[in-house]
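In: build me a structure from this.
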Amino acid sequence: MSFIQPIILPAYCQQSSRDQYQIDMYRGDLEHPNAPGNKWHKLQHHLKTAEQQNASVIATFGGPFSNHLHAFGKTLKPLPFKAVAVVRGELQPQLTPSLKDMADDGVELWPSSRSDYRLAMNSPLVMEINHHFGDVYWIPEGGGGVLGAMGCRDWANDIGALDNGYDAWVVSSGTGTTAAGLLSNLNTPDLHVFSALKGEPAQRDVILGLAEELSSESMGQKQLDAKLFFHFDCHEGGYAKHSPALIDFMRAFAVANPNSPLDPVYTCKSMFAIIKAMDSGIWPYRRTLFIHTGGLQGWRGYSKQTNPYVHS
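Out: Numbers count the residues shown, from 1 in each chain. As a prediction, this is how the structure comes out:
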């Protein structure tokens, strides 16, 4: 099985677009059974560092449907660490499917108020967990930070080794960690980053700063800046929300590509934005590689009627 698969433009797209553009998908969602997409790449250096520091407990942050938390639980289950997760919002008697999996995998869940959660490492809850366990290694939300980005920089080598002839890569963004890692790799072509968050234009500077820190002397800020294209206006109503146009697109995309499912939070929106640009004839590249970052378990937070791949 090839990790790079061709994408067929939906039926409504003009024939001229079909003739003009080639878009392929790197199926990162098929890479790792427990931490698909970018999740394993963001976790691996954190796990190595925790081991080097002789930590007995690893803790992290996330929401009740978090792909990162789900991958965190699955990855740590066979490892000799105590796993702890700070979950945004009060835990309900009926856990979400993601949190139920985590509990089944032995992760200790600590609910956090939203105001406390925003304080991250400065929150009283983090202090309480540190006091309770003593030797906690903390992974930032989403597997972020320099170590998370390092794993994605390595990932770019794996992707590029399969085919380095693309004019541009496309990746979805939550924290921006994956984008920064890919950008910092010397062999990455033009990188288009589509944020799933609403009102986050400043994230471009965060991505650029982290990439510059990772690239060291191989690339300067000007070179990194020239190949980073950040899109903050394709959220389709906000994080994890679906506009009517996006829903129509997902249905049409699923018909054309029944074996290439998009996730409901990230990849669906970035793919929608690209194909709209292609259909309008304004996408400036002939060969494009779309990097699937996983997250398909997130569909469990939506009704089956909204998931076009259930009926494909």
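In: quick one: neighbours of residue 5, just the number.
Out: Residues within reach of residue 5, counting by other Cβ atoms under 10 Å, total 16. Just so you know, the C-beta spots here come from the backbone N, C-alpha and C atoms, and that holds for glycine as well.
In: pLDDT (mean, whole number) over the helix or strand where it lies?
Out: Assigned by DSSP states H and E, residue 5 falls within strand 4-6. Averaging pLDDT along strand 4-6 yields 97.
In: that strand pairs with which strands, and in what direction?
Out: According to DSSP bridges, strand 4-6 forms sheet pairs with strand 22-26 (antiparallel).
In: if you count neighbours, what's buried in the partner strand?
Out: 23, 24, 25, 26 (16 or more other Cβ atoms under 10 Å).
In: residue 285 - that's part of a strand, no?
Out: No. Counting by DSSP: H, G, I helix; E, B strand; the rest coil, residue 285 falls outside a strand, being coil.
In: ok, it - contacts?
Out: 21, 166, 167, 168, 190 (Cβ atoms under 8 Å, 6 or more residues apart in numbering).
In: check residue 194 too.
Out: 170, 171, 172, 173, 231, 234, 269, 270, 273, 274.
In: run a quick neighbour tally on the fourth one.
Out: Right, residue 173. Neighbours of residue 173 (other Cβ under 10 Å): 25.
In: and it, how close does it get to residue 183?
Out: According to Cβ to Cβ, to the nearest Å, residue 173 and residue 183 sit 11 Å apart.
In: now name the helix or strand holding the nearest residue to residue 221 once chain neighbours are set aside.
Out: Counting by Cβ to Cβ, 6 or more residues apart in numbering, residue 221 lies nearest to residue 212, which is 5.3 Å off, once chain neighbours are set aside. Assessed by DSSP H and E, residue 212 sits inside helix 203-215.
In: next secondary structure after that helix?
Out: helix 221-226.
In: only C-alpha atoms, please: export that next one in CSV.
Out: C-alpha atoms of helix 221-226 as CSV (Å, rounded to 0.1, in the frame of the first residue of the first chain):
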residue,chain,number,x,y,z
GLN,A,221,13.8,33.8,8.8
LYS,A,222,13.5,35.3,5.3
GLN,A,223,13.7,31.9,3.6
LEU,A,224,11.2,30.4,6.0
ASP,A,225,8.9,33.4,5.6
ALA,A,226,9.0,33.1,1.8
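In: show me what the residue nearest to residue 165 when sequence neighbours are not counted is bridged to.
Out: Spatial nearest neighbour of residue 165, chain neighbours left out: residue 287 (6.5 Å); criterion: Cβ to Cβ, 6+ apart. Here residue 287 sits in beta bridges with residue 22, going by DSSP bridges.
In: residue 287 against residue 170, yeah?
Out: No. Taking contacts as Cβ atoms under 8 Å, residue 287 lies outside contact range of residue 170: 11.6 Å.
In: right, and the secondary structure at residue 298 would be what?
Out: Note that with three-state DSSP, the state of residue 298 is helix.
In: can you name the residues that contact it?
Out: Residue 298 touches 65, 67, 98, 263, 264, 265, counting by Cβ under 8 Å, 6+ apart.
In: what's the spacing between it and residue 188?
Out: Using Cβ to Cβ, we find residue 298 at a distance of 26 Å from residue 188.
In: swap in residue 289?
Out: Look at residue 289 and residue 188: by Cβ to Cβ, they are 10 Å apart.
In: am I right that residue 136 is in contact with residue 58?
Out: Yes. If you go by Cβ under 8 Å, residue 136 and residue 58 touch, sitting 7.4 Å apart.
In: more neighbours, the two?
Out: Per other Cβ under 10 Å, whichever of residue 136 and residue 58 has more neighbours is residue 58, with 25 against 18.
In: residue contacts, that one?
Out: 46, 47, 50, 76, 81, 82, 83, 84, 136, 137, 138, 139.
In: for it, give me phi and psi.
Out: Dihedral pair for residue 58: phi -120, psi 130, per degrees, to the nearest 10.
In: where does the protein dip in pLDDT?
Out: Along the chain, segments meeting pLDDT under 70 span 1, 217, 311-312.
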